[in-house]
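Novice: sequence first, then the predicted structure:
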Amino acid sequence: MAEAKKSLNFIEQIIEEDLVKDYTKDDLKFRFPPEPNGYLHIGHASSICLNFGLGERYNAPVNLRFDDTNPTKEEQEYVDAIKEDIKWLGFKWAEECYASDYFQKLYDWAVDMIKNGDAYVDSQTSEEIAEQKGTPTQPGKESPYRNRSVEENLELFEQMKNGETPERGHVLRAKIDMASPNMLMRDPVMYRCLHKKHHRTGDEWKIYPMYDWAHGQSDFIEHVSHSFCTLEFLPHRELYNWFLEKVSKPGDFEPKQREFARRNLSHTIVSKRKLLQLVEKGFVDSWDDPRMPTISGLRRRGYTPESIRKFADSIGVGKRENLIDVAHLEFCVREDLNKKAPRVMGVLDPVKLVITNYPEGEEEWLEAENNPEDEAAGSRQIPFSRELYIEREDFKESANRKFFRLTLGKEVRLKNAYIIKGEDVVKDADGNITEIHVTYDPKSKSGSGTEESLRKVKGTLHWVSVKHAVEAEVRLYDRLFTEETPDGVKDKDYLEFVNPESLKVVTGYLEPGLKDAKIQDKVQFQRIGYFCVDKDSTLEKLVFNRTVSLRDSWAKISN
Ligand code: ATP
Ligand code: MG
């Protein structure tokens, strides 16, 4: 085969081993199991790419399963956003499943467990139950309710189900072993009373299953072969298997829980709960604020699905947790947009440049290549005239030899146009430069092939014709947190590290073709960075987001 053989990662090795021992290829099935209590973030992208990537690799179905067992935090809005994000990333799930669809089945199994003496109703408070848990080195204490009769348990559980028990009244616990070295096996709670409306089941249920009781059973019902979760669930595996043993019969198909390391990204937070705080406390505008590490925030910021998939694939799956530098994510989007984004000119901090020997009132349209990385992208015409905007930082009255931009008495090229020479400046009463006067060499037009046009000059500047420029609001985003691991600093709250300069809004002057730009259009403002039209953009007012600068400005600071 022409395809280069990639070495297997440890997850694929696990699957290959299982294909020898326990499963056939047709048995393979995966799932991605988000809880709809927030928007998906870049950490979830790793899990999505892992599960759906395995689906593609093994030609196996992947379910999207909403782990919707806690109505206090879950909402339909989140379900919808999660589906949109996965689709946008380019993946298709086999079935859309909900743990809540299994509530009846789970309840029936729980009743069976009570009948078999494997579960009991505990009437203690959660504090009392916690006190009896023991420590990793000390066994726990058995609940005084542990040996209730089957009849009494059934009756109480029925009352719980009917909503006759107040919230926090009773819980149903699995009867396992209060002395187990694995604390999770010390009679874990299976159900609690919650009289909350569920976004799908409404008021039907007054009891809700805990994660451990719902997750493995959902895998079992759906015939998932490999249930991949993050490492903190490793100690849950024993319980996962214990529950499966209770609900299955010999010969039944049994799913396997396997673990991989959570992915963390520097200078941000990957926790829905903490991201919700940023929204609720007004540090950002919404879940899809372009500063958010959510998939929807990244999309709005101008990230492409390909760049996020590339990011996830390139960091791969690991056995140990580590911190990925956000610079790597930025690298991935830069690399993708370099190939795709048309080049345009825009000036974000303008100063006026007057070409004193260019005829007043005249204009000409110059040919400009759309993307040197993509021949098929073609070219466009851009207007040139006597008055232009250039970037204020591209001019200094006098500068040392390392300054390859415009100074008085020196030549630079205007991109796609002519060579100009700095002649003079006009200043206001405070000494601020209001105009730069230059002369141009009419024979030096880019691409004209003349000797003058081929002459080497040190710098090339971008520019926009004043008369033709379109104004736009340009949102310059920076990292949301100043600290590398905002939620990992001892005795400090992550909210203390929110970067006060994570958003700067300026007015940009853009080449006129951009007035027709559509929401989500992506371009490179030459010499500045990649930008994308924001959804706040209207016909009257264009709004651009900076996706990423051309170079990593933070790297420069630390050098
Ligand atoms: P959060 O704390 O943000 O809510 P979670 O793990 O509780 O994260 P879930 O909705 O339960 O969120 O996650 C769905 C799947 O995504 C799970 O399999 C989970 O292990 C995985 N996942 C979540 N965060 C990460 C991460 N940072 N890296 C890799 N996988 C992750
Ligand atoms: Mg969770």
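Specialist: Nice, thanks for sending it over. Ligands and ions are numbered 1, 2, ... in the order given.
Novice: show me the helices in this structure, by range?
Specialist: 10-21, 42-58, 76-89, 103-115, 126-131, 150-162, 211-222, 237-247, 272-280, 295-301, 305-315, 326-340, 451-454, 553-558 (DSSP state H).
Novice: residue 378 is nearest to which of those helices?
Specialist: helix 326-340 (13.9 Å; C-beta to C-beta). In this view, the C-beta of every residue, glycine as well, is placed from N, C-alpha and C.
Novice: hang on, the earlier thing: would you single out the least confident of the helices of the chain?
Specialist: Lowest mean pLDDT of these: helix 553-558, a mean of 52.
Novice: nearest to ligand 1: which residue in the stretch 1-150 of the chain?
Specialist: residue 43 (2.2 Å; C-beta to the nearest ligand atom).
Novice: with adjacent residues omitted, what lies nearest to that residue?
Specialist: Distances taken as C-beta to C-beta, 6 or more residues apart in numbering place residue 270 nearest to residue 43, at 3.6 Å, with adjacent residues excluded.
Novice: from the middle of its chain, how far away would stretch 392-412 be?
Specialist: Relative to the chain's own centre, stretch 392-412 is displaced by 41 Å; criterion: C-alpha atoms, centre = their mean, to the nearest Å.
Novice: quick check: residues of this protein near ligand 1?
Specialist: Within the chain, the positions near ligand 1 by C-beta under 6 Å from any ligand atom are 33-35, 43-44, 46-47, 67, 229-230, 262-263, 270-273.
Novice: now with 5 Å?
Specialist: Within the chain, the positions near ligand 1 by C-beta under 5 Å from any ligand atom are 34-35, 43-44, 46-47, 229-230, 262-263, 270-272.
Novice: if we can go back for a sec, mind putting the helices of the chain in CSV, mean neighbour count included?
Specialist: Shown next, in CSV, are those (neighbours: other C-beta atoms under 10 Å):
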stretch, mean neighbour count
helix 10-21, 14
helix 42-58, 22
helix 76-89, 18
helix 103-115, 18
helix 126-131, 12
helix 150-162, 16
helix 211-222, 23
helix 237-247, 18
helix 272-280, 17
helix 295-301, 24
helix 305-315, 19
helix 326-340, 19
helix 451-454, 12
helix 553-558, 10
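Novice: that older thread, how about the contacts made by the residue of the stretch 1-150 of the chain closest to ligand 1?
Specialist: Neighbour list for residue 43: 262-265, 270, 293 [criterion: C-beta atoms under 8 Å, 6 or more residues apart in numbering].
Novice: ok, residue 297 next?
Specialist: 39, 287-291.
Novice: what's around the closest residue in space to residue 547 that isn't next to it in sequence, how many residues?
Specialist: Nearest residue to residue 547, sequence neighbours excluded (C-beta to C-beta, 6+ apart): residue 302, at 3.1 Å. Other residues within reach of residue 302, judged by other C-beta atoms under 10 Å, total 27.
Novice: against residue 187, how distant is residue 302?
Specialist: Distance of residue 302 to residue 187, given as C-beta to C-beta, to the nearest Å: 51 Å.
Novice: possible to save the helices of the chain as TSV with distance to residue 465?
Specialist: Formatted as TSV, the helices of the chain follow (distance: least, C-beta to C-beta, whole Å):
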stretch	distance to residue 465
helix 10-21	55
helix 42-58	40
helix 76-89	37
helix 103-115	65
helix 126-131	69
helix 150-162	73
helix 211-222	61
helix 237-247	66
helix 272-280	41
helix 295-301	29
helix 305-315	33
helix 326-340	25
helix 451-454	20
helix 553-558	28
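Novice: domain assignment for this structure?
Specialist: Under the assignment automatic domain parsing, the domains of the chain span 10-260, 272-342+472-558, 346-462.
Novice: roughly how far is the second one from the heart of the chain?
Specialist: It stands for domain 272-342+472-558. Counting by C-alpha atoms, centre = their mean, domain 272-342+472-558 comes out at 10 Å from the chain centroid.
Novice: what of the shortest one?
Specialist: Taking C-alpha atoms, centre = their mean, one finds the center of domain 346-462 at 39 Å from the center of the full chain.
Novice: first-to-last residue distance for it?
Specialist: The stretch domain 346-462 measures 7 Å between its terminal residues, going by C-alpha to C-alpha, to the nearest Å.
Novice: identify the residue nearest residue 73 in space, chain neighbours excluded?
Specialist: Nearest to residue 73 is residue 37, by C-beta to C-beta, 6+ apart, at 4.0 Å.
Novice: what's next to stretch 358-376, contact-wise?
Specialist: With contact meaning C-beta under 8 Å, 6+ apart, stretch 358-376 is reached by 338-343, 345, 377-386, 415-417, 440, 445-447, 465, 467-468.
Novice: residue 385 and residue 467 touch, don't they?
Specialist: Yes: counting by C-beta atoms under 8 Å, residue 385 does reach residue 467; the two are 5.5 Å apart.
Novice: which of the two has more residues huddled nearby?
Specialist: Using other C-beta under 10 Å as the criterion, residue 385 and residue 467 rank with residue 385 on top: 17 against 13.
Novice: now that one, which residues is it bridged with?
Specialist: Legend: beta-bridge partners of residue 385 under DSSP bridges are residue 363.
Novice: can you report how many residues lie near the residue in the stretch 351-500 of the chain that ligand 1 sits nearest to?
Specialist: Of all residues in the stretch 351-500 of the chain, residue 487 sits closest to ligand 1, at 10.8 Å by C-beta to the nearest ligand atom. When neighbours are counted by other C-beta under 10 Å, residue 487 registers 17.
Novice: relative to residue 404, which of the helices of the chain is closest?
Specialist: Closest to residue 404 of these is helix 553-558 (C-beta to C-beta; 16.5 Å).
Novice: give the contact list for the closest residue to ligand 1 within the stretch 101-250 of the chain.
Specialist: Nearest to ligand 1 in the stretch 101-250 of the chain, going by C-beta to the nearest ligand atom, is residue 230, at a distance of 3.7 Å. By C-beta under 8 Å, 6+ apart, the contact list for residue 230 reads 47, 259-262.
Novice: so which of those sit within strands?
Specialist: 259-260 (DSSP state E).
Novice: any stretches of the protein with poor pLDDT?
Specialist: For the chain, the stretches with pLDDT under 70 are 1-5, 553-559.
Novice: contacting residues around residue 124?
Specialist: Residue 124 neighbours (C-beta under 8 Å, 6+ apart): 132, 143-145.
Novice: residue 532 reaches residue 543, doesn't it?
Specialist: No: contact between residue 532 and residue 543 fails when scored by C-beta under 8 Å: they sit 9.9 Å apart.
Novice: of the two, who's got more company?
Specialist: residue 532 (27 against 18).
Novice: who touches the spatially closest residue to the more buried one that is not a sequence neighbour in this structure?
Specialist: Leaving aside its chain neighbours, residue 532 sits nearest to residue 302 (2.9 Å; criterion: C-beta to C-beta, 6+ apart). Shown in contact with residue 302 (C-beta under 8 Å, 6+ apart): 290, 333, 337, 522, 530-532, 545-548.
Novice: which of these are buried, as a PyMOL select command?
Specialist: Selection command for PyMOL covering only the buried members of the contacts of residue 302, criterion 16 or more other C-beta atoms under 10 Å:
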select buried, resi 290+333+337+522+530+531+532+545+546+547+548
